[in-house]
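Novice: missing the sequence, but the structure's below:
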């Protein structure tokens with residue numbers, strides 16, 4: 001991890017960072033079949049003897065700012081991020097078994113922002129909200145018979161939005177605190193929004209989850 005930050009004044013600080021992460025490889029406990037006994041082969045019944053999958057790497061870049069306004073009563077932070085995964089480990093269900101497949105490239109990029117406000121006119125009142133946009137897609141070129149249309153079990157993946165990865169998500173809450181003798185009482189109400197996303201590793205349209213709050 002490498003990070004650098006610069007404080008322009010008492011109210012504005014900007015930063016940039018780079019990090020490289022790693023997840024170890026392993027072996028599938030369930031057997032896989034193909035046309036030629038290789039994981040890159042097409043659909044078939046020949047057992048693939050090599051059940052290993054490689055380690056996963058990710059390069060993560062961030063560029064952000066942390067700011068305060070209204071004499072410190074309003075905080076606004078935002079971060080732009082770009083993450084590139086190599087050999088992403090996708091756990092997929094192939095009808096009879098769960099198998100980890102290695103995806104050569106996955107890109108996730110977007111914006112993460114948060115707001116915190118304490119009005120000076122009402123002591124103990126606080127508003128908080130957050131918003132994230134994340135465009136997370138599989139690479140266009142994924143080798144292996146399972147990724148070839150229309151017969152491959154995972155042919156919908158190349159170039160598509162990743163499963164369990166909504167493009168938009170947000171939250172908002174209001175908190176109020178007041179003194180009750182020597183104790184503190186607190187009231188809080190909050191909401192969270194998530195845009196639609198697919199819940200299947202094969203991106204079957206029937207597995208689409210609608211947006212909800």
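Specialist: That came through, no problem. Please read all numbers here as calculations on a predicted model, not as lab measurements.
Novice: helix or strand right after the lowest-mean-pLDDT helix or strand in the chain?
Specialist: In the chain, no helix or strand scores lower on mean pLDDT, DSSP states H and E than strand 32-34, which sits at a mean of 72. Going down the chain from strand 32-34, the next helix or strand is strand 46-48, by DSSP states H and E.
Novice: strand partners of that next one, parallel vs antiparallel please.
Specialist: Strand pairing for strand 46-48, using DSSP bridges, gives strand 32-34 (antiparallel).
Novice: center of this protein, which residue is that?
Specialist: residue 165 (5.9 Å; C-alpha atoms, centre = their mean).
Novice: dump the residue contacts of that residue.
Specialist: 108, 134, 136, 197 (C-beta atoms under 8 Å, 6 or more residues apart in numbering). No exception for glycine: its C-beta is placed from N, CA and C like everyone else's.
Novice: now residue 197
Specialist: Residue 197 makes contact with 161, 163-167, 208-209 under the criterion C-beta under 8 Å, 6+ apart.
Novice: Okay, and the beta partners of it?
Specialist: residue 209.
Novice: Check the most far-flung residue of the chain relative to its centre and give its pLDDT.
Specialist: Residue farthest from the centre of the chain, counting by C-alpha atoms, centre = their mean, is residue 181 at 44.5 Å. Residue 181 is assigned a predicted lDDT (pLDDT) of 92.
Novice: quick check, nearest of the contacts of residue 197 to residue 93?
Specialist: When the contacts of residue 197 are compared for distance to residue 93 (C-beta to C-beta), residue 163 wins out at 11.2 Å.
Novice: Tell me how many other residues crowd the closest one.
Specialist: Neighbour count of residue 163, defined by other C-beta atoms under 10 Å: 22.
Novice: And for residue 83?
Specialist: Counted by other C-beta under 10 Å, the residues lying close to residue 83 total 18.
Novice: what does residue 206 give?
Specialist: Residue 206 has 7 neighbouring residues, counting by other C-beta under 10 Å.
Novice: Could you check how far it is from residue 152?
Specialist: Per C-beta to C-beta, to the nearest Å, residue 206 is found 18 Å from residue 152.
Novice: Repeat that for residue 105.
Specialist: Using C-beta to C-beta, we find residue 105 at a distance of 18 Å from residue 152.
Novice: Between these two, tell me which one has more neighbours.
Specialist: When neighbours are counted by other C-beta under 10 Å, residue 105 and residue 152 differ, and residue 152 comes out ahead with 18 against 15.
Novice: I'd assumed residue 142 was in contact with the more buried one.
Specialist: No - with contact defined as C-beta atoms under 8 Å, residue 152 does not reach residue 142; the gap is 9.5 Å.
Novice: pLDDT wise, what is the residue nearest to the centre of the chain at?
Specialist: The model's pLDDT for residue 165 equals 96.
Novice: is it fair to say it lies in a helix?
Specialist: No - Residue 165: not assigned to a helix; according to DSSP: H, G, I helix; E, B strand; the rest coil it is coil.
Novice: tell me the contacts of residue 31?
Specialist: Residue 31 makes contacts with 47-48, 51, 97, as judged by C-beta under 8 Å, 6+ apart.
Novice: picking that back up, quick one, phi/psi of the residue farthest from the centre of the chain?
Specialist: When read as degrees, to the nearest 10, the backbone of residue 181 gives phi 70, psi -130.
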